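1. just need the structure, nothing else, for what follows:
(chains A, B, C, D and E)
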Amino acid sequence: MFIARVIGSVVSTKKDEVMRGRKLLVLRPLLVDEQDPAQFKSGQNTIVAVDALDAGTGDLVLFCQDSSARHAAGMKALPIDAAVIGLVDTVEIQGHRLA
Amino acid sequence: MFIARVIGSVVSTKKDEVMRGRKLLVLRPLLVDEQDPAQFKSGQNTIVAVDALDAGTGDLVLFCQDSSARHAAGMKALPIDAAVIGLVDTVEIQGHRLA
Amino acid sequence: MFIARVIGSVVSTKKDEVMRGRKLLVLRPLLVDEQDPAQFKSGQNTIVAVDALDAGTGDLVLFCQDSSARHAAGMKALPIDAAVIGLVDTVEIQGHRLA
Amino acid sequence: MFIARVIGSVVSTKKDEVMRGRKLLVLRPLLVDEQDPAQFKSGQNTIVAVDALDAGTGDLVLFCQDSSARHAAGMKALPIDAAVIGLVDTVEIQGHRLA
Amino acid sequence: MFIARVIGSVVSTKKDEVMRGRKLLVLRPLLVDEQDPAQFKSGQNTIVAVDALDAGTGDLVLFCQDSSARHAAGMKALPIDAAVIGLVDTVEIQGHRLA
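-> Numbers count the residues shown, from 1 in each chain, chains lettered A, B, ... in the order given. Presented below is the predicted three-dimensional model:
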């Protein structure tokens, strides 16, 4: 999984039928900076993930990818390759608290 | 999933039998620019995806990858690793509307 | 999927039993150049894919990856993560014909 | 699989129900330096993996990704794409012992 | 699949039970150099793969990744995402013999 910040959302009207009613969030992955493990650095790729945990812009979340996304609650058999599986409370790296 | 712009199409006559009649689109993924979240930047890799939503060149779409592509409507058991699952109406990033 | 040029082949005698008799091609993925959409640029990674469509060096092909490769005709249950699924006739990008 | 150093942990209270009680570690992958095969260099991406082997910060571990993570002991059907599958005792590269 | 050189091995005592007795090799992927197709260049990522073909340091092998690894002989249901599936005898690229 990766830690990510929710930065926005996508609206799609014409879509695969089973996707109706699904909330689509845009995520920016956050990686631990190697030079300074007390802070995150941003990943380059922004990813669209399905969310069923009521996350919103600005929230820190955990998401999984590929076939694992279809194992998130209520997402069986969806044509999705990314899903939010948790809201992040705290991240501790070598004694530093990043979130 | 990733957001992408449809930039073209592929024609293949000699192919796996189950692929007959499938429309193949060439997609350029679009990522949210970190410096300027009000616009997209282009991804480097162009991807060929199967489309069943009648998307055309210039359209903004959402596509999924790997085994998830086989969960798109009517694509079960196809040897495909990318499928268009929605046409994008709007993308909102931190108050900016990118599409 | 990705478009690729067949650039060579691999011979392996000592191998997983179920791989006996399978043709292994070396592929160089081709991406659409963003600066000049009228031509391809080469990908960095060269990939070994199983071929059942009689492709040869110099051919332009379409290949799929990961679990999808096992859905190509006659490849069920093989320990493979890449398979040629079509020979490419034409690629059209924004009015340009690249192949 | 990749070798990685455990660098921290993540706490998530609001999460997918089946994830309750799972320990989430932050890993930094380690790659063998090509210039000097007697030492590791750090990977750029930090990954969150589920651990059931009681690993802690500073430990060297082996982790697997994607659908394989769901084949680790007790992790069937979890929405996870990374799991610790072993603690690393030694790594030997061309006569050098890196760990 | 990718071609790789076996560069070392990993020993892990405390591990997922089903991994007991499995040989773990460290591989460096080899890619065909685009400037000079008569030679390989080394990939950056070193990967740990399970081997059941008795490969050793210095050998040139073919390995597969992700769920496909679990389709290698005797590896069903293992929590692994990389497996050696063949020893490479020869690689021919555009008339050049690289191995």
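
2. around chain D, which positions in chain A sit nearby?
-> A:1-3, A:31-32, A:34, A:37, A:43, A:53, A:62, A:64-69, A:71-73, A:75, A:83, A:85-94 (CB under 8 Å from any CB of the partner chain). For every residue, glycine as well, the C-beta is placed using N, CA and C.

3. of those, keep whichever come out buried.
-> Buried residues within the residues of chain A next to chain D, counting neighbours by 16 or more other CB atoms under 10 Å in any protein chain shown: A:1-3, A:31-32, A:37, A:43, A:53, A:62, A:64-69, A:71-72, A:75, A:83, A:85-88, A:91-93.

4. among those residues, which are in strands?
-> Those of those mapping onto strands are A:2-3, A:31-32, A:62, A:64-65, A:83, A:85-87, A:91-93, per DSSP state E.

5. and those residues, which is closest to B:K15?
-> Minimum distance to B:K15 across those is 28.2 Å, recorded for A:Q65 (CB to CB).

6. quick one, what contacts the closest one?
-> Applying CB atoms under 8 Å, 6 or more residues apart in numbering or on different chains to A:Q65 gives the contacts A:1-2, A:47, A:81-82, D:66, D:81.

7. just want the most central residue of chain A.
-> Using CA atoms, centre = their mean, the residue of chain A that lies closest to the mean C-alpha position is A:F63, 3.9 Å off.

8. helices or strands next to the helix or strand where A:R28 lies in the packing?
-> Mapping A:R28 onto the secondary structure by DSSP states H and E places it in strand A:23-32. Helices and strands in packing contact with strand A:23-32 are listed as strand A:2-11, strand A:40-42, strand A:47-51, strand A:60-65, strand A:82-87; criterion 3 or more CB pairs under 8 Å, 6 or more residues apart in numbering or on different chains; DSSP states H and E.

9. my guess is A:M75 contacts A:D51, does it?
-> No: counting by CB atoms under 8 Å, A:D51 is not a contact partner of A:M75; they are 10.2 Å apart.

10. overlap of the contact sets of these two?
-> Between them, A:M75 and A:D51 have A:A83 as joint contacts when contacts are counted by CB under 8 Å, 6+ apart.

11. for the residue of chain A found nearest chain C, what are its contacts?
-> For chain A, the residue closest to chain C is A:S67, as judged by CB to the nearest CB, at 7.7 Å. Applying CB under 8 Å, 6+ apart, one finds that A:S67 lies in contact with A:81, B:66-68, C:67, D:66-67, E:67.

12. of all of chain A, which residue lies closest to chain E?
-> Closest residue of chain A to chain E, CB to the nearest CB: A:S67 (7.7 Å).

13. tell me what the residue nearest to A:P37 when sequence neighbours are not counted is bridged to.
-> Nearest-residue entry for A:P37: A:I93, 4.8 Å, with adjacent residues in sequence omitted and distances by CB to CB, 6 or more residues apart in numbering or on different chains. On DSSP bridges, the residues paired with A:I93 through beta bridges are A:H96, D:G8.

14. now A:A4
-> Per DSSP bridges, the residues bridged to A:A4 are A:P29, A:V61.

15. run a quick neighbour tally on it.
-> A:A4 has 28 neighbours, counted by other CB atoms under 10 Å in any protein chain shown.

16. report the separation between it and C:L25.
-> The gap separating A:A4 from C:L25 is 37 Å, by CB to CB, to the nearest Å.

17. and A:S42, by the same measure?
-> Between A:S42 and C:L25 the distance is 38 Å, computed by CB to CB.

18. between those two, who's got more neighbours?
-> Neighbour count, other CB under 10 Å: between A:S42 and C:L25, C:L25 has more, with 24 against 15.
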